[in-house]
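Participant: what shape does this take:
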Amino acid sequence: MTVYFIGAGPGDPELITVKGQRLIRQCPVIIYAGSLVPPAVLEGHSARTVLNSAELHLEQIIDAMRQAHAEGLDVARVHSGDPSLYGAIGEQIRHLRALGIDYQIIPGVTATAASAALLGCELTLPDVAQTVILTRYGDSSPMPPGEQLADLARHGSTLAIHLGVKHLPRIVDELLPHYGATCPIAVVHRATWPDQDWVSATLADIVERVAEKGFRRTALILVGHVLGDAPFSESALYRAGHAHLYRQGH
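Facilitator: The predicted structure follows:
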């Protein structure tokens with residue numbers, strides 16, 4: 001018996017791995033995050049038990065896994081995006097280890113990747129940014145030392161900020177000293193869902209633009225000069241004359 005933590009992707013039911021889809025369809029027990037995972041992701045399943053974890057607390061989730069283990073039934077534990085990012089799987093894994101229950105993590109497409117695809121951009125460009133920082137805005141729970149937004153912003157790299165849209169004015173105030181008022185920023189609401197929407201602007205006017213849209217939750221904030229028209233060099237990988245293992249230099 002195994003508990004499979006499956007990344008369902010950002011919303012589009014086709015943005016799930018073949019392995020993740022196969023496991024959902026074959027596992028006799030499914031526990032899915034119904035607040036963020038669309039029902040279409042579960043289409044084709046043959047499970048005898050389907051639980052929406054949005055209606056459960058941690059102890060109830062673990063009890064369901066314990067019961068499945070006692071009956072020798074595999075569990076598809078379906079999370080949105082990639083379960084290793086803000087998926088709250090660490091606390092579940094801690095219980096599973098204590099109970100001696102096997103588990104595996106099946107990666108998924110992140111909201112960051114989906115938002116970049118929607119915006120039609122690359123998040124790492126030569127000379128502009130070679131680092132992407134994925135973080136969340138500390139509100140309901142404090143951030144660890146050294147991980148305040150200002151600490152991360154001083155690097156000037158591409159930022160992907162989760163759970164922060166309702167605090168956008170404060171976020172902009174913290175970013176301005178490090179990125180400048182003309183730095184591009186995008187707020188993407190429910191990327192890949194049928195009602196997806198987004199705003200691309202600068203730090204100077206993003207707050208007003210987002211207020212007009214009325215985004216309140218389920219939005220990702222992307223910040224960085226890679227989102228604009230900053231000049232950048234071509235990569236060495238495809239540069240003529242650059243030799244590597246698969247291509248001789250000319």
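Participant: what segments of the protein are strands?
Facilitator: With strands called from DSSP state E, the chain shows them at 2-7, 29-32, 49-52, 75-79, 102-106, 132-136, 158-162, 184-189, 197-202, 219-223.
Participant: was I right to think Phe5 contacts Gly81?
Facilitator: No. Using CB atoms under 8 Å, Phe5 is not in contact with Gly81; the gap is 11.7 Å. All C-beta spots, glycine's among them, are computed from the backbone N, C-alpha and C.
Participant: those two: which is more packed in?
Facilitator: Between Phe5 and Gly81, counted using other CB atoms under 10 Å, Gly81 has the larger neighbour count: 28 against 25.
Participant: which residues does that one contact?
Facilitator: Gly81 makes contact with 7-10, 36, 87, 108-111 under the criterion CB atoms under 8 Å, 6 or more residues apart in numbering.
Participant: how does the chain divide into domains?
Facilitator: Domain assignment for the chain, taken from automatic domain parsing, gives 2-106, 111-227.
Participant: okay, those domains in JSON lines with distance to Ala236 next?
Facilitator: Listed next are these as JSON lines, based on distance: least, CB to CB, whole Å:
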{"stretch": "domain 2-106", "distance to Ala236": "29"}
{"stretch": "domain 111-227", "distance to Ala236": "8"}
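Participant: now those in JSON lines, with distance to Tyr238 and mean pLDDT?
Facilitator: Below are the domains of the chain laid out as JSON lines (distance: least, CB to CB, whole Å; pLDDT from 0 to 100):
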{"stretch": "domain 2-106", "distance to Tyr238": "27", "mean pLDDT": "97"}
{"stretch": "domain 111-227", "distance to Tyr238": "12", "mean pLDDT": "94"}
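Participant: and of these, who's closest to Leu237?
Facilitator: Closest approach to Leu237 among the domains of the chain is made by domain 111-227 (10.1 Å; CB to CB).
Participant: where along the protein do the helices fall?
Facilitator: Counting by DSSP state H, the chain has these helices, from start to end: 18-26, 58-70, 89-99, 111-119, 149-153, 168-179, 206-213.
Participant: now, of these, which is deepest in the fold?
Facilitator: Highest mean neighbour count among the helices of the chain (mean count of other CB atoms under 10 Å): helix 111-119, with a mean of 21.
Participant: quick check, distance from that one to the centre of its chain.
Facilitator: In terms of CA atoms, centre = their mean, to the nearest Å, the centre of helix 111-119 is set 9 Å apart from its chain centre.
Participant: just the C-alpha atoms of that helix, please, in CSV.
Facilitator: The C-alpha coordinates for helix 111-119 follow below in CSV (Å, rounded to 0.1, in the frame of the first residue of the first chain):
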residue,chain,number,x,y,z
ALA,A,111,1.4,28.0,-10.8
THR,A,112,4.7,29.9,-11.5
ALA,A,113,5.3,27.9,-14.7
ALA,A,114,1.7,28.2,-15.8
SER,A,115,1.7,32.0,-15.3
ALA,A,116,5.0,32.4,-17.2
ALA,A,117,3.4,30.4,-20.1
LEU,A,118,0.3,32.6,-20.0
LEU,A,119,2.4,35.7,-20.1
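Participant: ok and that helix relative to strand 132-136, angle-wise?
Facilitator: In terms of direction (axes from the mean of the first three to the mean of the last three CA atoms, to 10 degrees), helix 111-119 departs from strand 132-136 by 120 degrees.
Participant: same for helix 111-119, what does it pack against?
Facilitator: For helix 111-119, the packing partners by 3 or more CB pairs under 8 Å, 6 or more residues apart in numbering; DSSP states H and E come out as strand 158-162, strand 184-189, strand 197-202, strand 219-223.
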